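Student: Show me how the following folds:
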Amino acid sequence: MLITHFGLEQKITQNIALTIGNFDGIHRGHQLILQRLSDEAKTRGLIRALMIFEPQPTEYFASLYQKEKPYRLTSLREKLTLLDKTQCLDMVWVLRFNSRFADLSADDFIQKVLIDALRTKYLLIGDDFHFGKNRLGDVSLLMAENTFVTEQVSSVLAVGKRASSTAVRQHLVNGDIQAAEQILGHFYTISGRVKHGKKLARTLGMPTANIHLPMHRYPLNGVFVVDVEGAFGVRRGVANFGVNPTVSHDHKQKLEVHLFQFQGNLYGQRLRVHFRHKIRDEMQFDSLNDLRTQILQDMEVAKLW
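Tutor: Coordinates of the predicted model:
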């Protein structure tokens, strides 16, 4: 069972092995770091811990300077679900990234956070890790600290390229679900509860589950073949992810899923939507009849796939 702490108010009493980062997507590179951390912690008799940030630093600074939000792969809830499945951690520290934290100097981060609050004895970081105000802290500063041991893990290659969250986002923007999946090492997944919508799809004869999305910006657009996981098990379906330009004008990203051969009430249920294949980009139609015709074609393509 993964234990999650929020903030630094709760001091821990056991020495820990720690790694730090956004861990957006929990891709193969992240998985390698977590496995290495787990192995080292067991050897050294330490608690296995991860520190992540909410919001992610790039999101915080985008909001601060009123810029467009960067793409996000996984919500906090989905991230914790994926982290738990690795079985490599005992606890996760979720630190709120705010002005106070952003202004913390690199030296203060080491002393107040790593040493005083978390009792870090072993620190494992990626090859691009920077920290502290203006990202002035780096690997050399950490390695100069003799209170804990710092080690660095090199990049992992997937599909011939460095495994990174940036690469996953770009593949998803391009609609290459399989390439993203190869870097992730698992299905790309978005989860949320089914909420009430306009029920327009029901009038077209193809009811959909309208998934509530956390307020992030996702690197997806279009119609997809999906596997949907819920209380009913796992079912194949077709999903639309986008702004629904034919029937909506608010430009908010929406996720609607139609499950094949399913009847039942899904309202309030939490579903995990696994994206498997992109069928096409989102389109605007002149009429609801044209939309219905296209949806039927999409369903046939999904079933054939």
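Student: what's the nearest residue to residue 26 if we skip its chain neighbours?
Tutor: Nearest-residue entry for residue 26: residue 82, 4.1 Å, with adjacent residues in sequence omitted and distances by CB to CB, 6 or more residues apart in numbering. From N, CA and C alone the C-beta is placed, and that goes for glycine too.
Student: quick one: secondary structure of the residue nearest the centre of the chain?
Tutor: Central residue of the chain (CA atoms, centre = their mean): residue 74, 1.6 Å from the mean position. Here residue 74 is recorded as coil under DSSP: H, G, I helix; E, B strand; the rest coil.
Student: Isn't it up against residue 25?
Tutor: Yes - when contacts are counted by CB atoms under 8 Å, residue 74 is listed as touching residue 25 (5.6 Å).
Student: ok, the residue nearest to the centre of the chain to residue 12 distance?
Tutor: 25 Å (CB to CB, to the nearest Å).
Student: in a strand, that's where residue 278 is, yeah?
Tutor: Yes - counting by three-state DSSP, residue 278 is located in a strand.
Student: Enumerate every residue touching the residue nearest to residue 96 when sequence neighbours are not counted.
Tutor: In space, and not counting its chain neighbours, residue 96 is closest to residue 54: 6.0 Å by CB to CB, 6+ apart. Contact analysis of residue 54 by CB atoms under 8 Å, 6 or more residues apart in numbering lists 76, 94, 95, 96, 97.
Student: try residue 135
Tutor: For residue 135, no residue meets the contact criterion (CB under 8 Å, 6+ apart).
Student: ok, it to residue 171 distance?
Tutor: Distance of residue 135 to residue 171, computed by CB to CB: 26 Å.
Student: cool, and residue 81?
Tutor: Distance of residue 81 to residue 171, given as CB to CB: 21 Å.
Student: higher neighbour count, those two?
Tutor: Taking neighbours as other CB atoms under 10 Å, residue 81 and residue 171 compare with residue 171 leading, 22 against 16.
Student: After the least confident helix or strand in the chain by mean pLDDT, which helix or strand is next?
Tutor: Within the chain, confidence by mean pLDDT, DSSP states H and E is lowest for helix 200-203 among all helices and strands, at a mean of 58. Proceeding N to C from helix 200-203, the next assigned helix or strand is strand 209-211, under DSSP states H and E.
Student: residues making contact with that next one?
Tutor: Outside of strand 209-211, the residues within contact range by CB under 8 Å, 6+ apart are 190-197, 228, 254-259, 266, 271, 273.
Student: Just the buried subset of the residues you listed, please.
Tutor: Buried subset of these (neighbour count, 16 or more other CB atoms under 10 Å): 190-192, 194, 197, 228, 254-259, 266, 271, 273.
Student: out of the contacts of strand 209-211, which are inside strands?
Tutor: Among these, the members falling in strands (DSSP state E) are 190-195, 228, 254-259, 271, 273.
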